[in-house]
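Chemist: need a structure here:
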Amino acid sequence: MPDSLDIAEVARLTGLTSRALRFYEARGLVTPLRTASGRRHYGPAELEWLHQIVAMKRAGLTLAQIQSMTAGRRVDLRDIVTAQIGMLEDRQREIASARTLLESILSRIERSEPIDVATFCSLIRQGETAMTQQQWDEVMSRYMTTEQREALDEAVAALPADFDNEAHNAKWKDLSGRIKAALPLDPASPKAQAFLDEWGELLGPYLAVASPEMLAGVKNFHEHIEQWEGQVDSPFDAEVYRFHQAAAEARQKMER
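Modeler: So this is what the prediction gives:
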């Protein structure tokens, strides 16, 4: 094929691995040309498109965001810039909340109120907890009905008394980190399916106390993850969540 490059040459030019290129193809982000023998080749248009994807990744966009904003390959720079501004605004709100908390502590110090290190750390934790809960309530209210949120609260209250939510979230973040490091990954591969099993184990305690209303609300909430990602401290991001969905779909196909 004239003016086309094989996958190894494209990997060298873009800095992407061959595995990443295949993953982008599986996600529908790029469609390479094929030789008669089935080997992948990339023309000038495909190479230019890959460079755009790399640029958007470096700008901080997830693959899911890139995919949603570039449907049909019509890159809307307004959408990209708007998304980045939104991320910066979220960070500004976090900084403003932290500053407010620190200023309140400083005010107590200036009034000569005794604040030792332990008390200072306790105030920081209390402020962070209150701020985190407020952020979660605000975000969830956009995608869950009042009844669904009440069902979620009831389910959380029904968890075993010895359930350690902080430790559970730490396990979920660890799993998310390992999935992130393994991507791109074939959703049907043994490694991906092993990740799916771990995910299922972490879901277990919640599913044991879940009601249909809660499940419907949580599902709708996560279906909009690209819209609220970065606004709360979720144990996984949109890219990891969409991978989990792809792995679950792959399992359903294999079990048919």
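Chemist: where along this structure do the strands fall?
Modeler: 5-6, 33-34, 40-42 (DSSP state E).
Chemist: Parallel or antiparallel, which strands does the longest one pair with?
Modeler: The pairing partners recorded for strand 40-42 under DSSP bridges are strand 5-6 (antiparallel), strand 33-34 (antiparallel).
Chemist: coming back round to it: hey, which of the strands of the chain is tucked in deepest?
Modeler: Highest mean neighbour count among these (mean count of other C-beta atoms under 10 Å): strand 40-42, with a mean of 21. (Each C-beta comes from the backbone N, C-alpha and C, glycine too.)
Chemist: Just the mean pLDDT for that strand, thanks.
Modeler: Across strand 40-42, the average pLDDT comes to 87.
Chemist: same thing with stretch 249-256?
Modeler: 88.
Chemist: Ok, stretch 207-223 next?
Modeler: Here the average pLDDT along stretch 207-223 is 87.
Chemist: from the chain's centre, how far out does that stretch sit?
Modeler: 18 Å (C-alpha atoms, centre = their mean, to the nearest Å).
Chemist: quick one: buried residues of it?
Modeler: Ala210, Ser211, Glu213, Met214, Leu215, Ala216, Gly217, Val218, Phe221, His222 (16 or more other C-beta atoms under 10 Å).
Chemist: What sits closest to the last one if chain neighbours are left out?
Modeler: Pointing back at His222 there. Tyr241 (6.1 Å; C-beta to C-beta, 6 or more residues apart in numbering).
Chemist: Let me know whether the one you found touches Glu226 as I believe.
Modeler: No - contact criterion C-beta atoms under 8 Å: Tyr241 and Glu226 do not qualify, at 9.3 Å.
Chemist: Tell me how many other residues crowd the residue nearest to His222.
Modeler: For Tyr241, the count of nearby residues is 20 (other C-beta atoms under 10 Å).
Chemist: one step back: is it possible to get the strands paired with strand 40-42 out as JSON lines so that each row also shows distance to Ile179 and mean pLDDT?
Modeler: Formatted as JSON lines, these follow (distance: least, C-beta to C-beta, whole Å; pLDDT from 0 to 100):
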{"stretch": "strand 5-6", "distance to Ile179": "29", "mean pLDDT": "84"}
{"stretch": "strand 33-34", "distance to Ile179": "30", "mean pLDDT": "84"}
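Chemist: Quick check: which of the ones you listed is nearest to Arg58?
Modeler: Nearest to Arg58, of all the strands paired with strand 40-42, is strand 5-6, at 21.4 Å by C-beta to C-beta.
Chemist: List the contacts of the closest residue to Arg39 other than its chain neighbours.
Modeler: Distances taken as C-beta to C-beta, 6+ apart place Asp6 nearest to Arg39, at 6.7 Å, with adjacent residues excluded. Shown in contact with Asp6 (C-beta atoms under 8 Å, 6 or more residues apart in numbering): Arg39, Arg40, His41, Tyr42.
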